[in-house]
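In: model this:
(chains A, B, C and D)
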There are 2 protein chains.
Amino acid sequence: MERDSQTKASKWDELATDWCPVARAMSVIGDRWTLLIVRDCFLGKSRFEEFQKSLGLTRHVLSDRLKRLVDQGVLERNAYSTRPLRYAYSLSEKGRDFAPALVGLKDWGKKHMPIRKPAAA
Amino acid sequence: MERDSQTKASKWDELATDWCPVARAMSVIGDRWTLLIVRDCFLGKSRFEEFQKSLGLTRHVLSDRLKRLVDQGVLERNAYSTRPLRYAYSLSEKGRDFAPALVGLKDWGKKHMPIRKPAAA
DNA sequence: AGATAGAGTTCTCTTATGGAACGAGATAGC
DNA sequence: GCTATCTCGTTCCATAAGAGAACTCTATCT
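Out: Presented below is the predicted three-dimensional model:
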């Protein structure tokens, strides 16, 4: 990832223009973290540090994913403080509409991915 | 990716043992291709070449993802020919149970990710 | 003044991906 | 019996993305 506009078409962009709506969805959430950020938003988190602590991803990647989510219109970025300029992220309607898919994934994970201990080997 | 067993915990393994079922689901499908392979299975595809042509991903990555899906029990690999030994992939019950999540993503993609032309700029 | 906090950036190192060529088992054509 | 083709991969190299930690900048707390 880490793409910017003026680069030649990557696999990501190909997905974004695919005939299949699932593929187009994957062009937004087809990585390890994006959907978990959205999940955290559903759980009430809204700030950079909250996401970072909750997910344990690198700040670099988090920064990139938040930008992409805002670009895609899944999240909105609003200043919650002006005089140290600080932003909070919240779900847009597009983001809130993720709920059914997220529930589907939650149910699948609950049923088919039992918690296993972190490899006590 | 490309992990094997005797390596120290990566972010992928951390997700696999997360308390959140969505995170555990992401440890399986949290990349660009895996879910699309599953989708292709739902659409009746079952063979290496079919996936490769359909998705346009590299053979290397396809090979890796199929292995992971079989390891995870999402797909089953059955020989459909013994005497050139050939395998076909098909959904297990675990894989078929992905249907609701897939439908959720499809609906979201359909509603919020309109098809746009491949950048006629 | 010094320590804390929030939201990022910048740096280096490692891992994953893309692209294309190569391999191996078997059948089909000539 | 030699070459071509089909399938299902593997190997190799260059590039892109990720991990981890340090650093910036504004501002408030003590």
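In: just for chain A, where's the confidence low?
Out: The model of chain A has pLDDT under 70 over residues A:1-8, A:117-121.
In: at 50 instead, please
Out: Within chain A, the segments meeting pLDDT under 50 span A:1-7, A:121.
In: Could you show which parts of it are in contact with DNA strand C?
Out: For chain A, the contact set with DNA strand C under C-beta under 7 Å from any atom of the strand comprises A:11, A:47-50, A:58-60, A:63, A:66, A:80, A:84, A:86-88. Where C-beta positions appear, they are placed from N, C-alpha and C, glycine not excepted.
In: quick one: the strands in chain A?
Out: Applying DSSP state E to chain A gives strands spanning A:75-81, A:86-91.
In: Not counting its neighbours along the chain, what's nearest the residue most central in space within chain A?
Out: By C-alpha atoms, centre = their mean, the mean C-alpha position of chain A lies nearest to A:T34, the distance being 2.3 Å. Nearest non-adjacent residue to A:T34, counting by C-beta to C-beta, 6 or more residues apart in numbering or on different chains: A:R65, 5.3 Å away.
In: dump the residue contacts of the one you found.
Out: A:R65 sits next to A:D31, A:W33, A:T34, A:I37, A:L57 when contact means C-beta atoms under 8 Å, 6 or more residues apart in numbering or on different chains.
In: Could you rerun that using 6 Å?
Out: A:R65 makes contact with A:W33, A:T34, A:I37, according to C-beta atoms under 6 Å, 6 or more residues apart in numbering or on different chains.
In: Check A:S54 too.
Out: Each residue near A:S54 by C-beta under 6 Å, 6+ apart is listed here: A:D40.
In: Tabulate the strands of chain A in a markdown table, adding columns for distance to DNA strand D.
Out: A markdown table is the format used below for those (distance: least, C-beta to the nearest atom of the strand, whole Å):
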| stretch | distance to DNA strand D |
| --- | --- |
| strand A:75-81 | 8 |
| strand A:86-91 | 9 |
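In: Just name the most buried of those strands.
Out: Highest mean neighbour count of those: strand A:86-91, a mean of 16 (counted as mean count of other C-beta atoms under 10 Å in any protein chain shown).
In: Dump that strand to CSV, restricted to CA.
Out: Output of strand A:86-91 as CSV, limited to C-alpha atoms (Å, rounded to 0.1, in the frame of the first residue of the first chain):
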residue,chain,number,x,y,z
ARG,A,86,-6.2,17.4,17.3
TYR,A,87,-8.4,15.2,15.2
ALA,A,88,-10.9,12.4,16.1
TYR,A,89,-12.2,9.9,13.6
SER,A,90,-15.8,8.8,13.4
LEU,A,91,-17.8,6.5,11.1
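In: Need the contact partners of that strand.
Out: Strand A:86-91 is contacted from outside by A:C41, A:S46, A:R47, A:L75, A:E76, A:R77, A:N78, A:A79, A:Y80, using C-beta under 6 Å, 6+ apart.
In: hmm, back to that, ok, so what distance separates the residue nearest to the centre of chain A from DNA strand D?
Out: Computed as C-beta to the nearest atom of the strand, to the nearest Å, the A:T34 to DNA strand D distance reads 9 Å.
In: how near is that residue to B:F98?
Out: 19 Å (C-beta to C-beta, to the nearest Å).
In: can you check A:K67 too?
Out: 29 Å.
In: And A:D64, by the same measure?
Out: The span separating A:D64 from B:F98 equals 28 Å under the rule C-beta to C-beta.
In: re earlier: A:K67 and B:F98: who's more crowded?
Out: Counted by other C-beta atoms under 10 Å in any protein chain shown, A:K67 and B:F98 do not tie: B:F98 has more neighbours, with 24 against 13.
In: Can you give me the separation between the more buried one and B:R77?
Out: In terms of C-beta to C-beta, B:F98 sits 17 Å off from B:R77.
In: Not counting sequence-adjacent ones, nearest residue to A:C20?
Out: Closest residue in space to A:C20, ignoring its immediate chain neighbours: B:R39 at 7.2 Å, by C-beta to C-beta, 6+ apart.
In: No further questions, thank you.
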